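J.: got a sequence here, can you build the structure:
(chains A, B, C and D)
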4 protein chains.
Amino acid sequence: MSEKKLLVKGGQLVSETGIIPGDLLIEGERIKAQGLKGAFDNINVDEVVDASGKYVLPGLVDPHVHLDSPFMGTVTVHDYNSGTIAAAYGGTTTVISFSTQPKGGSLLENLEQTEKKARDQAYIDWSLHGILLDAGPKTLTEIPKLVEAGVPSYKCFTTYRHADRLMDDDSILKLLEVTAEVGGILMVHCENDTILEYYLRKELARGHFSPIYHARTRPPSAENIAIQRIIDLMKEVVAKVYIVHTSTAESVEIIQSARVQGLPIHSETCPHYLTLTEKELEGENGQFFICSPPLRVERDIEALWIGLANGCVETVGSDDAGVSPQDNLRLAQGRFDKVPSGMSGIEPRLSILYTEGVCKGKIDLPKLVSVTSTAPAKIFGLYPQKGHLGAGADADVVIYDPEPEWVMSAKNHHMNTDFSPFEGFKIKGKVESVLCRGSFVIRDGALVGKAGHGKRIFRRL
Amino acid sequence: MSEKKLLVKGGQLVSETGIIPGDLLIEGERIKAQGLKGAFDNINVDEVVDASGKYVLPGLVDPHVHLDSPFMGTVTVHDYNSGTIAAAYGGTTTVISFSTQPKGGSLLENLEQTEKKARDQAYIDWSLHGILLDAGPKTLTEIPKLVEAGVPSYKCFTTYRHADRLMDDDSILKLLEVTAEVGGILMVHCENDTILEYYLRKELARGHFSPIYHARTRPPSAENIAIQRIIDLMKEVVAKVYIVHTSTAESVEIIQSARVQGLPIHSETCPHYLTLTEKELEGENGQFFICSPPLRVERDIEALWIGLANGCVETVGSDDAGVSPQDNLRLAQGRFDKVPSGMSGIEPRLSILYTEGVCKGKIDLPKLVSVTSTAPAKIFGLYPQKGHLGAGADADVVIYDPEPEWVMSAKNHHMNTDFSPFEGFKIKGKVESVLCRGSFVIRDGALVGKAGHGKRIFRRL
Amino acid sequence: MSEKKLLVKGGQLVSETGIIPGDLLIEGERIKAQGLKGAFDNINVDEVVDASGKYVLPGLVDPHVHLDSPFMGTVTVHDYNSGTIAAAYGGTTTVISFSTQPKGGSLLENLEQTEKKARDQAYIDWSLHGILLDAGPKTLTEIPKLVEAGVPSYKCFTTYRHADRLMDDDSILKLLEVTAEVGGILMVHCENDTILEYYLRKELARGHFSPIYHARTRPPSAENIAIQRIIDLMKEVVAKVYIVHTSTAESVEIIQSARVQGLPIHSETCPHYLTLTEKELEGENGQFFICSPPLRVERDIEALWIGLANGCVETVGSDDAGVSPQDNLRLAQGRFDKVPSGMSGIEPRLSILYTEGVCKGKIDLPKLVSVTSTAPAKIFGLYPQKGHLGAGADADVVIYDPEPEWVMSAKNHHMNTDFSPFEGFKIKGKVESVLCRGSFVIRDGALVGKAGHGKRIFRRL
Amino acid sequence: MSEKKLLVKGGQLVSETGIIPGDLLIEGERIKAQGLKGAFDNINVDEVVDASGKYVLPGLVDPHVHLDSPFMGTVTVHDYNSGTIAAAYGGTTTVISFSTQPKGGSLLENLEQTEKKARDQAYIDWSLHGILLDAGPKTLTEIPKLVEAGVPSYKCFTTYRHADRLMDDDSILKLLEVTAEVGGILMVHCENDTILEYYLRKELARGHFSPIYHARTRPPSAENIAIQRIIDLMKEVVAKVYIVHTSTAESVEIIQSARVQGLPIHSETCPHYLTLTEKELEGENGQFFICSPPLRVERDIEALWIGLANGCVETVGSDDAGVSPQDNLRLAQGRFDKVPSGMSGIEPRLSILYTEGVCKGKIDLPKLVSVTSTAPAKIFGLYPQKGHLGAGADADVVIYDPEPEWVMSAKNHHMNTDFSPFEGFKIKGKVESVLCRGSFVIRDGALVGKAGHGKRIFRRL
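T.: Now for the predicted structure:
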């Protein structure tokens, strides 16, 4: 029985290396060929999708989302169902979420449980990173198995001592050792906990509880130092590292300087660090803008855009981790340090980057594709199955119409929350259609996919 | 009348972003489509080229060759005929050579003369950079016309005062200004002339004439400082710059540090700086290894490979500029400072980088394609016509067989000289066939192209 | 015949290493002994000066004044008479002024002329630096003679092309060479002329003539780059260098970083760079605040004070070079670029540094003595004859009363001008008495010295 | 009853600022006056010491010795008796040793016990630093009392976890906080413990037990990183810090760069880091050269001398901490990691620095006085009582004869051990006489002082 043939015709094909007018021939779940406009006109296809005047992108890969994640007494708003719907609306066709090691327990078991919860829920493909709480013998023994199980990436923290997540030098070095051995990649949330605790203690003692003190107690130095320390240890034990959600101007230089010396370090930032400043914390909805690291200042925004443009910052993940505004308020009771930190952003990644980055001349469209799709796919072992718009790749395709102009709002987004960090942003362009492995998930702006279409992707580096 | 259809089938298609098994459909001079293995089996083609077990690369672009160039009383060994033949044997399908402004004269006129000489000579495509000798009003007025004439790149020197090529701060700044205005790119040969002259004077006074003093009188500091000074000026007037033939470890850091600050600076190194050290200058054929900047030491080689791997050094050009050994000896008369500096290297770029880089794990094959083809094409305005292996690009294709092992020698190369800088290098793999705009230039290792097939490419940034 | 004996008794003796209560025994022109309070009570002296409650400092050395100096069509307000009077009022007992090489002429001849003009004029001791306009063979031959003639220090410029003073790399390197040979010290005014000219051209073309554009057209980068370039050349030819009037935050780091590598580089700042910002240029008297380099911003002021405190900036010279306000206005005719740049500041160095530095906790009193007296004396070959408050030194002594509080003004200063850059500054403490080689020049606040007491000091490094 | 008067006559008086021929008048325990040669000839004195042709220095201050210190199952060879005898022979008149907090116990009690042991033992003056094992509430409460008790300096470690001395970020930050409050100074032994443990584990596993592996397992990076981390924390909480025994080239730059930013950081090196390399560890007596940080390489030696010369490294302490060769061998049993690390060096500091530093042109004599006497006195609150050769200071005086040439050896030193790290060094000059508070301890090379003359010095910053 022959597979369905689809021709995406007449668009501007955007890859990380350039933009070329052309046609895409899809057969079943994969791209069969990429050709000049008209190249496949003589081939019989089941359906032709007209992409004239549109950009055709590889489906976005979101390397950093927290779906269905218990957190500080509540749970993130997005599960594998609602989260993948919102993601698809935003042009994302693969998300990598997390499976968390229970304290002292088995990450492999948690993987199974996570898989059970996610099964039949997802509209788009998904994959998993691990989250490590310790670097004890049990954990170190489990990591090779984790890698074999298709999870070659796992995150640790240099902070959150109260949540029992803090890793010290010894732990980090052990994780680097095992990572080097098994060929995995260690993801690190970098903020120096001693510095955070110092300022937290100080400001709370002064009776400072308002949201802006979230930023005051998590200074850029805490992030910069924590990154430098990971690099210090990488110089002793060379292993792949991925610094999640970098937010400071200095981080760009620190990481690039490590790379110049040949260290295999990768880094990510997020749409909110590229567009919002700590001033949001002083506004009416200040506490909904609490995330860690905190929003910074204009100077950091500029440096991060330059970092994206010149390759110093390689990916943009959403770090979607919001809880509901109701939970936020209930748990915080007016104290910034009680807010479950994190924002929802799984949907707007593409439109924000297109509007704020491409239209404002900070990055070009191939770079947008790189940072949101190709680079994460490569770093995390999904490429060229994902993040690629060429023959052999999964037929994950986004058709983006650059013409529409609209205003982003919690009222028109598809995320499972009535708060949008980007409320009021004027947006250029819109996701028109999204294919995941050859099937439409979004078509002409409407959800047409179904739960369960999304499959778990097992990865290998 | 329909164009000839050619199918390159069963190879590993290598682009700067990855390696994918697949087929290439060529129609006339262009690539019509890229597809999965077998994707075009139902299409009638005129000819099928079997690439099974071979790598299929976009034709190499050599951004830096000096064809038919008068120099210190002689002329370089390669003209547009012999040079493009040797280039083709090495997998190169486009070279960018130079047209030099006569002292006080018109670069545009020289362009015409160069074109005349080159016409009907070349086996592969070629394009031109300018070489500027001054930044006087006449020159500054000519640059916009140069850009309009398809020559948006032009080189200047921070040294060679005796050849009347030295540009001081004022000149460089003026060139940056006009470059910013017209959207061109300024190429700079960076060695601080004052430092060179100081050491030259000193060593000659001491009666030091042997080739190693070429390196002793052109220390790394001279190069590093000259690069830093260009960057200093770029901070005042932001314009695109391309640093040719960087050779030092420090240059990598200096340039990358400028990029982190957002400056549009590009850089190149050459195969000889990646594989040879100044020790060659102390050998029997020492004076044939004289080039500027000079060969350096192991530490520089390591840093340059790391720089290529991590994107800090973006291109590898040959800087083919050798004169014949006979001329070298005749003109030098035993004095290193009388040697016409420069080596022939237009042919071995691909095989050297594959053997020393890819096979030794220093770079991967997509990176090789990037630095020798895609990146130079992008930087100099040839992309995606050149440097690209996808639909719409010129059908410039290299089929590289990774299996053969052989020893490089002046006896088996095709360059017009009986000296090879890489004499005795054990090489892995060999260029099997080369297509330039759909026509075979090299087929199964033999020259089948013809003079005049190569066309001049007019560029636009 | 025995010499006059004087006992300075009961004061706080301040040296660059500390503050100790004690007595000074002076015999004739020199300090004979320094002892505990009462140590010399049994010795017969001709006179006892009570310094109870006062600080006793070594006489200040001003390493940078321009007395009787022709400049842009006028002459500086201070000659050897009026200048040394004002200096003495401010606690200075030695000034080093300049003798300028006539274009293409002999510096040695100018030295003689300068000496003639100065003879019998000075109230305090004086010495001379040379100013070099070129590095031609004649100049290079004269430098060793200059050093023999007691002038081992000479200044050159990286700017002022219109005044024929610009030295390029070649010239600087030659000066470093000869300086290394003769054991002299090269002083350099560091501002990159190309950058200055670029901005000057730009702003004048825009019709910007007001004083603030003096700062806008001489950006910190011009100074920083020029300093870095001197250091670049010092790495090739190691010779002593003294960077005059540094004004930027970055300069401190650049120079210190050279020192960490062992380079013999010294640096100076001035009272105005430590207290005033470019905002003065926007005020009513803006054009009287024009000096080169220009006044900078708060951040630079902070860095310079830290630099003084930690030894990175070693001296504070006045760079007294003001012309009369009348001349300033007449010559400028409303254009900042026509103002003879320079301010008068030969008098207030001590009181400004005491008030703004010591009283505000930025430096301590021993450091004040170091930067205004001991360090310049050491660097320029006057130590321990000058800059020292111990046995054997010239009896150059300042008695400073820390109690008085007063307001600095052109109305109460003794400089030969009705403009004071420090108008309105609230000052703590006052120079009470000043001895130069054992003789009172200032006594209880009144001038008691006489013209001709001051002798030329021939220096040797 | 009048005090004894002593005249030190005709010598070259060396202070940190210069060398001046002159006489010293001593009355009782203090210097009464410093004068020109002959200045005090009319004064009746009890004794005249002829210092013609000799250097007269302030008595040396050794800021870092471990007297009578229990260590890894034995005790250091020098107690307050034998240690101060050897120190005096070497020109030292004040030592600062340590009182160690018992694990979980009171440092104040240990101070009392230490004082008891030391009382009536010392030939020269002595003072105490504390050693902290933890930063618990009890310790933090005791520090202000320690400061009041005349011990404003206390050391902590970033290593030695097995000896329960390791301080983590939290501990260091708390110590900085309390240090800032009480105006003390925190001394830190900087080596990153995680890195040391990593290499130790690795090399032991490979069966590497010979002394050179002491250096291999304690790489420069461990020291550099540890210093950088202290600086990172100082940027959050500014407090005075003193880095003990720096040994690497990089440390000089790291520390100086912190100073340029205004941080109050001081640093020390030791004679062995200035003269010996890790090659000693490969010699016959290799294991006697084990100290921490380990001996480094030539490049570090060069950088440390430059650092001393330019003020980046401020002091040279002996870190005298040797155990007997017998104990060394007995405890190690052939394993480098079981050697009680530390060498004896309380005596040779002056002669080694004079010979290797002054005579070889690396530092001048005033700088020698600064780093071995004045600077430690100032940093630790002994100045101007100690470290000063002027009126009012304690009459601690060294007469150094520059003429003798001799060979250093365990056979001729006065340290209580038959091993000398400097065995065979050819030495220029010799300590002739030493006065401590006006009394001879060493006279014409012979010990004439007595136990108990040395008094404890209570310090205040």
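J.: helix or strand: which one has residue A:146?
T.: helix A:137-148 (DSSP states H and E).
J.: the closest residue to residue A:296 other than its chain neighbours and residue A:95, how far apart?
T.: Spatially, and ignoring its direct neighbours in sequence, residue A:296 is nearest to residue A:247 (5.3 Å; CB to CB, 6 or more residues apart in numbering or on different chains). From N, CA and C alone the C-beta is placed, and that goes for glycine too. Per CB to CB, to the nearest Å, residue A:247 is found 21 Å from residue A:95.
J.: which one's more surrounded, these two?
T.: residue A:95 (30 against 24; other CB atoms under 10 Å in any protein chain shown).
J.: quick one: the helices in the stretch 301-450 of chain A?
T.: A:325-332, A:349-352, A:365-369, A:375-379 (DSSP state H, counting those that start in this stretch).
J.: most tightly surrounded among those?
T.: helix A:375-379 (a mean of 26; mean count of other CB atoms under 10 Å in any protein chain shown).
J.: chain C is nearest to which of the helices of the stretch 301-450 of chain A?
T.: Across those, chain C has its closest neighbour in helix A:365-369 (28.9 Å, CB to the nearest CB).
J.: got the contact list for whichever residue of the stretch 101-250 of chain A sits closest to chain C?
T.: Closest residue of the stretch 101-250 of chain A to chain C, CB to the nearest CB: residue A:250 (16.1 Å). Residue A:250 makes contact with A:220, A:224, according to CB atoms under 8 Å, 6 or more residues apart in numbering or on different chains.
J.: can we see that at 6 Å?
T.: residue A:224 (CB atoms under 6 Å, 6 or more residues apart in numbering or on different chains).
J.: that one belongs to a strand?
T.: No: membership of residue A:250 in a strand is not supported by DSSP: H, G, I helix; E, B strand; the rest coil, which gives helix.
J.: C-terminal to the helix holding residue A:146, which secondary structure element comes first?
T.: From helix A:137-148, the next helix or strand downstream (DSSP H and E) is strand A:153-157.
J.: hmm, who's touching that next one?
T.: Counting by CB under 6 Å, 6+ apart, A:129, A:130, A:131, A:132, A:165, A:167, A:185, A:187, A:188, A:189, A:380 sit against strand A:153-157.
J.: confidence-wise, which of the residues you listed comes last?
T.: Taking pLDDT as the measure, the contacts of strand A:153-157 have their low point at residue A:165 (91).
J.: state the pLDDT value of the residue lying closest to residue A:334 once chain neighbours are set aside.
T.: Nearest non-adjacent residue to residue A:334, counting by CB to CB, 6+ apart: residue A:209, 5.9 Å away. Residue A:209 carries a pLDDT value of 97.
J.: neighbours of residue A:209, how many?
T.: For residue A:209, the count of nearby residues is 16 (other CB under 10 Å).
J.: that one reaches residue A:337, doesn't it?
T.: No: counting by CB atoms under 6 Å, residue A:209 sits too far from residue A:337 to count as a contact (7.6 Å).
J.: any idea how far apart the tips of stretch A:36-47 sit?
T.: End-to-end distance for stretch A:36-47, by CA to CA, to the nearest Å: 18 Å.
J.: now stretch A:138-156
T.: Note: stretch A:138-156 ends 15 Å apart using CA to CA.
J.: interface residues of the stretch 251-400 of chain A facing chain B?
T.: The stretch 251-400 of chain A comes close to chain B at residues A:253, A:256, A:259, A:260, A:262, A:306, A:310, A:311, A:312, A:384, A:391, A:392, as judged by CB under 6 Å from any CB of the partner chain.
J.: one more time with 7 Å
T.: The stretch 251-400 of chain A comes close to chain B at residues A:252-253, A:256, A:259-260, A:262, A:306, A:310-312, A:374, A:383-384, A:390-392, as judged by CB under 7 Å from any CB of the partner chain.
J.: tell me the one of those residues nearest residue D:172?
T.: Nearest to residue D:172 among those is residue A:253, at 25.2 Å by CB to CB.
J.: residues contacting the closest residue to that closest one other than its chain neighbours?
T.: Using CB to CB, 6+ apart and skipping the chain neighbours, the partner closest in space to residue A:253 is residue B:260 (5.3 Å). The contact partners of residue B:260, by CB atoms under 7 Å, 6 or more residues apart in numbering or on different chains, come to A:252, A:253, A:256, A:310, A:312.
J.: any residues touching the strand or helix carrying residue A:111, and which ones?
T.: Element membership of residue A:111, judged by DSSP H and E, is helix A:107-118. Around helix A:107-118, the neighbours that count as contacts under CB under 7 Å, 6+ apart are A:68, A:80, A:99-102, A:126, A:128, A:130, A:142, A:145-146, A:149, A:151, A:456.
J.: and these, which of them are buried?
T.: For those, a burial check counting by 16 or more other CB atoms under 10 Å in any protein chain shown picks out A:68, A:80, A:99-101, A:126, A:128, A:130, A:142, A:146, A:149, A:151, A:456.
J.: which part of the stretch 1-150 of chain A gets nearest to chain D, residue-wise?
T.: residue A:135 (11.6 Å).
J.: what sits against that residue?
T.: Residue A:135 neighbours (CB under 7 Å, 6+ apart): A:167, A:171, A:174, A:175.
J.: and the residue of the stretch 151-300 of chain A found nearest chain C, how far is that from residue A:219?
T.: Relative to chain C, the nearest point of the stretch 151-300 of chain A is residue A:299 (14.2 Å; CB to the nearest CB). Here the distance between residue A:299 and residue A:219 works out to 14 Å (CB to CB).
J.: give me the three-state assignment for residue A:49.
T.: Applying three-state DSSP: residue A:49 is strand.
J.: which residue is the nearest non-sequential neighbour of residue A:421?
T.: residue A:343 is the one closest to residue A:421 (CB to CB, 6+ apart), at 4.9 Å.
J.: pLDDT score assigned to that neighbour?
T.: 97.
J.: what's the distance between it and residue A:62?
T.: 14 Å.
J.: same thing with residue A:357?
T.: 16 Å.
J.: do the same with residue A:373
T.: 9 Å.
J.: what do you get for residue A:326?
T.: Distance, residue A:326 to residue A:62, by CB to CB: 25 Å.
J.: returning to what we had before: can you tell me which residues contact the residue nearest to residue A:296?
T.: Neighbours of residue A:247 in contact, by CB under 7 Å, 6+ apart: A:223, A:269, A:273, A:293, A:296, A:300.
J.: where in the stretch 1-150 of chain A is pLDDT low?
T.: A:1 (pLDDT under 70).
J.: phi and psi next, for the residue most central in space within chain A.
T.: Centroid check for chain A by CA atoms, centre = their mean gives residue A:317 as the closest residue, at 2.4 Å. As for residue A:317, its main-chain torsions (degrees, to the nearest 10) stand at phi -100, psi 160.
J.: any idea how far the residue lying closest to it once chain neighbours are set aside is from chain C?
T.: Nearest residue to residue A:317 in three dimensions, chain neighbours excluded: residue A:64, at 3.1 Å (CB to CB, 6+ apart). Distance from residue A:64 to chain C, counting by CB to the nearest CB, to the nearest Å: 37 Å.
J.: quick one: contacts for residue A:332?
T.: A:287, A:338, A:339.
J.: measure it to residue A:208 for me?
T.: Taking CB to CB, one finds residue A:332 at 14 Å from residue A:208.
J.: tell me who's in contact with residue A:33.
T.: A:25, A:40, A:391, B:33, B:34, B:35, B:36, B:39.
J.: among the residues you listed, the buried ones, what's the ChimeraX command?
T.: To isolate the buried subset of these in ChimeraX, counting by 16+ other CB under 10 Å, use the following:
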select /A:25,40,391 /B:33,34,35,36,39
